[in-house]
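1. This is a predicted model, with the sequence first.
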Amino acid sequence: MAIATKPQHALVDPTTQPLVPDFTYAPRLTDLANKRIGLIDDSKENAKELLEEIEVVLRQRFGVAQVVYHRKPSASKPTDPAVIEAMAQTCDYVLIAIGS
Amino acid sequence: MEFKDVKHVEWGDAVEAIETCYELGWTDGLPVVPPTVERVETFIRAGGRDANEVLGTLPERRREITVAKVAANAVMAGCLPDYFPVVLAATEAMLDPAFNLIAPSASQGGAAVLVIVNGPIVEQLNINCRNNIFGPGNRANATIGRAVRLILMNACAAIPGLFDRTLIGHPGKYTFCIAENETGTHWNPLHVERGFERSESTVTVFASWGPRQVRAGHEPTLVLDCAADVASTLGSSLSTSDSVGDTSVPVRQGQVAIVIAGASEFWAGWSKLDVRAYLYRRIRRSVADLKRAGVIPGIVSSDDHEQYVQLVPTPDDILVVYAGSPDATSYRCAVILSELPKVASTAVTKAIRLP
């Protein structure tokens, strides 16, 4: 007896997948002494307080030399590319705080 | 026509076809029209665009949104092919950097995207601009608005619980599309106010909370006083510590849309400019109220009762739309608040390109 088969259909997938370009990590730091740090505050509540406390700890315990602080105008917007470029030139590492 | 992502499935009847789309995780919870290659091709031809044209990107989620993806979602929403240029324009507007789609499609505030259609296409496609403006019963409004949500969920990955972190949301997240009743009013249409020709057709997208209906008195000033009172309420997206309470960055205030129904003659002697100017001065809250609500820190002082904070940055940030029943005997409008400060998302208008 023949087995009944159902008709085949081709559907256009309405979803998307992330397109992730290749990238390489920056070299890892081995210590923080005399390093320059960038702090990015997303402008939500408590982000500033958290980063200010972290800055104190980093300076006192780890000997961080210099701090560049940037506060985004909106948590919802990406950081200004000019700020990222400047921090890439002037900072050894960057921390981001997401407030709530 | 070549498509990059095609799924081969089988079904025996219409119900199985619908269930297949559920199983694939492609729906908003309601049944969809299966996006068959043939149907999607019909839409793309109606739009007159290349299937693989990239309409824009969502860099935070590393997504590219193509014409084909938009077409598949418009098919699923139940659109007619003729609606497709409207859906394309709405997508282009959502992908404009000023709209900043990442914010309204992720925020806990739970914005829906209000789609406002203007121009000759409103009559050509029979998009409802009159009675029951936010309600059901009209295919164009229902399916264009629904297509926008399916595009957000499927193509932009705004899946509830994943990237869409909405806490409560509102029913406009299923569908939220209206048109302006341009022929029923002496006012300039929204798109003309926003720099387009009257003969052009446009789509405006606005990331917003749900419409709050206002039933008001028998004078234009009474209607606007009530609308301003509603727009100035505490606990709204416009009166939070994230918005006007945060004075560390400029222009934290949000935008407002007001949809006005009733006879055009009621507004004789008033222009939209007059309406906006009147509302702008009254959409505000006293410092005392904002302090009592914890929006502004500090103890209420006697001066705070006479000091006011404007909740909208400029009169131009009030979008006035004439729509709804034109023969209402009591005057009604709907106030719709932006979900986010203007700096995080701004209403965007794009021309609809017809093939």
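-> Sure, I can see it. Numbering: from 1, shown residues only, chains lettered A, B, ... in the order given.

2. which SS class is the residue nearest the centre of chain B?
-> Nearest residue to the geometric centre of chain B (CA atoms, centre = their mean): residue B:114, 1.3 Å. What DSSP: H, G, I helix; E, B strand; the rest coil gives for residue B:114 is strand.

3. residues touching it, list them.
-> By CB atoms under 8 Å, 6 or more residues apart in numbering or on different chains, the contact set of residue B:114 is B:172, B:176-178, B:205-208, B:257, B:336. Just so you know, the C-beta spots here come from the backbone N, C-alpha and C atoms, and that holds for glycine as well.

4. Now do residue 24, the pLDDT please.
-> In the absence of a named chain, this looks at chain A. For residue A:24, the pLDDT comes out at 89.

5. let's do chain B instead
-> At residue B:24, pLDDT is 98.

6. what about it, distance to residue A:95?
-> Going from residue B:24 to residue A:95 by CB to CB, to the nearest Å gives 41 Å.

7. Leaving out sequence neighbours, find the closest residue to residue A:64.
-> residue A:58 (4.2 Å; CB to CB, 6 or more residues apart in numbering or on different chains).

8. my read is the one you found is in a helix, agree?
-> Yes. Assessed with three-state DSSP, residue A:58 lies in a helix.

9. Compute the number of surrounding residues for it.
-> 20 (other CB atoms under 10 Å in any protein chain shown).

10. Report whether the expected contact of it with residue A:34 is present.
-> No. Using CB atoms under 8 Å, residue A:58 is not in contact with residue A:34; the gap is 11.7 Å.

11. thinking again about what came up before, what residues are up against the residue nearest to residue A:64?
-> Going by CB under 8 Å, 6+ apart, residue A:58 touches A:32, A:37, A:64, A:67.

12. coming back round to it: what's the spacing between the residue nearest to the centre of chain B and residue B:76?
-> 21 Å.

13. now residue B:137
-> 20 Å.

14. More neighbours: these two, which one.
-> Using other CB under 10 Å as the criterion, residue B:137 and residue B:76 rank with residue B:76 on top: 29 against 9.

15. Who are the packing partners of the helix or strand containing the more buried one?
-> Assigned by DSSP states H and E, residue B:76 belongs to helix B:67-77. Judged by 3 or more CB pairs under 8 Å, 6 or more residues apart in numbering or on different chains; DSSP states H and E, helix B:67-77 is in contact with strand A:8-12, helix B:37-47, helix B:84-94, helix B:139-150.

16. Strands of the chain, start to end?
-> As the question left the chain open, I've gone with chain A. Shown for chain A, the strands assigned by DSSP state E span residues A:8-12, A:36-41, A:66-71, A:93-97.

17. Not quite, go with chain B.
-> B:6-10, B:54-58, B:63-66, B:112-118, B:177-179, B:202-208, B:212-216, B:256-260, B:284-286, B:308-310, B:318-322, B:331-337, B:348-351.

18. re the thing from before, next, report how far the helix holding residue B:76 is displaced from the centre of its chain.
-> Relative to the centre of its chain, helix B:67-77 is centred 19 Å away, using CA atoms, centre = their mean, to the nearest Å.

19. go on, stretch A:30-38?
-> Worked out by CA atoms, centre = their mean, stretch A:30-38 lies 18 Å from the chain centre.

20. For it, buried residues please.
-> For stretch A:30-38, a neighbour-count test (16 or more other CB atoms under 10 Å in any protein chain shown) marks A:32, A:35, A:37-38 as buried.

21. one step back: identify, from the contacts of residue A:58, the entry nearest to chain B.
-> Distances from chain B to the contacts of residue A:58, taken as CB to the nearest CB, are shortest for residue A:67 (18.1 Å).

22. which of the strands of chain B is buried the deepest?
-> strand B:177-179 (a mean of 29; mean count of other CB atoms under 10 Å in any protein chain shown).

23. That strand - contacts with which helices or strands?
-> Against strand B:177-179 (3+ CB pairs under 8 Å, 6+ apart) you get strand B:112-118, helix B:139-150.

24. ok so, going back, make TSV out of the buried residues of stretch A:30-38 and add distance to residue B:232.
-> Compiled in TSV, the buried residues of stretch A:30-38 are given as follows (distance: CB to CB, whole Å):
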residue	distance to residue B:232
A:32	49
A:35	49
A:37	43
A:38	40
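
25. isn't residue B:146 right next to residue B:176, touching?
-> No. Here residue B:146 does not reach residue B:176: they are 9.1 Å apart, not a contact under CB under 8 Å.

26. the more surrounded of the two?
-> residue B:176 (27 against 24).

27. Okay, that one and residue B:71: tell me how far apart.
-> Applying CB to CB to residue B:176 and residue B:71 gives a distance of 21 Å.

28. Now do the residue of chain B most remote from its centre, the pLDDT please.
-> Here the centre of chain B is the reference, and by CA atoms, centre = their mean the most remote residue is residue B:302, at 40.0 Å. The score at residue B:302 is 94. That number is its pLDDT.

29. mind checking how far stretch B:104-116 is from the chain centre?
-> Taking CA atoms, centre = their mean, one finds the center of stretch B:104-116 at 8 Å from the center of the full chain.

30. averaged over its residues, what pLDDT does that stretch have?
-> On average, stretch B:104-116 scores 95.

31. residue contacts, residue B:75?
-> A:12, B:33-36, B:39-40, B:43.

32. repeat for residue B:339
-> B:104, B:107, B:109-111, B:207-209, B:237, B:254, B:345.

33. what's the farthest-apart pair in these?
-> B:110 and B:254 (14.5 Å; CB to CB).

34. The two: who's more crowded?
-> Using other CB under 10 Å as the criterion, residue B:110 and residue B:254 rank with residue B:254 on top: 31 against 20.

35. Count the neighbours of the nearest residue to the more buried one once chain neighbours are set aside for me.
-> Once flanking residues are discounted, residue B:254 sits nearest to residue B:338: 3.8 Å by CB to CB, 6+ apart. For residue B:338, the count of nearby residues is 30 (other CB under 10 Å).

36. can you check residue B:133 too?
-> For residue B:133, the tally of surrounding residues (other CB under 10 Å) stands at 22.

37. Quick check: it touching residue B:261?
-> Yes. Counting by CB under 8 Å, residue B:133 touches residue B:261, with 7.3 Å between them.

38. show me the residues around residue 8 that make contact.
-> No chain specified, so I'll use chain A. B:8-10.

39. You answered for a different chain; I wanted chain B.
-> Applying CB under 8 Å, 6+ apart, the residues near residue B:8 are A:8-11.

40. most neighbours, which of those residues?
-> Most surrounded of the contacts of residue B:8: other CB under 10 Å gives residue A:11, at 25 neighbours.

41. give the contact list for it.
-> B:6-9, B:20-21, B:24, B:34-37, B:72.

42. show me the contacts for the closest residue to residue B:273 other than its chain neighbours.
-> Spatial nearest neighbour of residue B:273, excluding adjacent residues (CB to CB, 6+ apart): residue B:315 at 7.7 Å. By CB under 8 Å, 6+ apart, residue B:315 lies in contact with B:273, B:276-277, B:279-280.

43. Since that was my last question, I'll sign off now.
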